[in-house]
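[1] fold the following, please.
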Amino acid sequence: MLRPGAQLLRGLLLRSCPLQGSPGRPRSVCGREGEEKPPLSAETQWKDRAETVIIGGGCVGVSLAYHLAKAGMKDVVLLEKSELTAGSTWHAPADFIGKQALKQIKAKGLKRRLVCLTLATDDVDPEGNESIWYNGKVVGNTTSGSYSYSIQKSLAFAYVPVQLSEVGQQVEVELLGKNYPAVIIQEPLVLTEPTRNRLQKKGGKDKT
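    Numbering: from 1, shown residues only. Next up is the predicted model:
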């Protein structure tokens, strides 16, 4: 049974690419308008559900599907009524809002980076917008934070100067008027299940 909303998506797909043959047993699918593709094999069936559905096969949609698959997600469906990269985002790499600002930042060079920190605290945890201290000076700020029950430590994301962004760098985070020691760590802390399974098959070290 289709999830709410999926019926509409499937209907749009079927209207864009009408099928020939009995329902649930598609034998041919169109790509370009009016173009008929070779019959599908008897084993091929339309998916009626997926963990992740991407609407539109432009450059952005295709890139998103690629990176999700590369990250280990296997149940990804991309819907496109025409050919891949023919959607409304085919022009995305050419121009977009903020492109000139990004070019200027790239030309001048990055001044700060987003890093992940573990904090040695007592009964307080970061929430965001806390000051980052180094050698008695404020050098950055946290963007978010919380206590991680997976690794049993306080975590925070923070922007710090590039020269202080290396893994292992020690800084301090101000929480309720008191500075607590923190260290920059390597991400990700917890691997997705597909990635863990892949590493275990290869004999790699599992990261919990």
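[2] how about the strands in the protein?
    52-55, 76-79, 112-119, 131-134, 137-148, 153-161, 170-175, 178-185 (DSSP state E).
[3] can I get those strands in TSV including mean neighbour count?
    Bear in mind the C-beta positions are built from the backbone N, C-alpha and C, glycine included. Converted to TSV, the strands of the chain look like this (neighbours: other C-beta atoms under 10 Å):
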stretch	mean neighbour count
strand 52-55	16
strand 76-79	17
strand 112-119	19
strand 131-134	18
strand 137-148	16
strand 153-161	20
strand 170-175	19
strand 178-185	17
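[4] among those, which is nearest residue 101?
    strand 112-119 (15.3 Å; C-beta to C-beta).
[5] so the closest one versus strand 137-148, what angle?
    Compare the direction of strand 112-119 with that of strand 137-148 by axes from the mean of the first three to the mean of the last three C-alpha atoms, to 10 degrees and you get 50 degrees.
[6] tell me which strands strand 112-119 pairs with, and in which orientation.
    strand 153-161 (antiparallel), strand 178-185 (antiparallel) (DSSP bridges).
[7] so for residue 70, which of the strands of the chain sits nearest?
    Closest among the strands of the chain, once you apply C-beta to C-beta, is strand 76-79, at 10.6 Å.
[8] list the strands paired with that closest one, with their directions.
    strand 52-55 (parallel).
[9] and the contacts of the partner strand?
    6, 9, 61, 64-65, 68, 73, 75-79 (C-beta atoms under 8 Å, 6 or more residues apart in numbering).
[10] so which of these is the closest to residue 196?
    For the contacts of strand 52-55, the nearest to residue 196 is residue 73 (13.1 Å; C-beta to C-beta).
[11] let me have the strands paired with strand 112-119 in TSV, adding mean pLDDT as columns.
    Listed next are the strands paired with strand 112-119 as TSV, based on pLDDT from 0 to 100:
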stretch	mean pLDDT
strand 153-161	94
strand 178-185	96
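[12] how about those strands in TSV, adding distance to residue 194?
    As requested, the strands paired with strand 112-119 are exported to TSV (distance: least, C-beta to C-beta, whole Å):
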stretch	distance to residue 194
strand 153-161	23
strand 178-185	23
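[13] out of the ones you listed, the one nearest residue 103 is which?
    strand 153-161 (20.5 Å).
[14] show me the contact partners of that closest one.
    So strand 153-161 is contacted by 111-121, 125-126, 128, 130, 132, 134, 139-148, 169, 171, 173, 182, 184, 189 (C-beta under 8 Å, 6+ apart).
[15] angle of that strand against strand 170-175?
    Per the same axes, to 10 degrees, the angle that strand 153-161 makes with strand 170-175 is 110 degrees.
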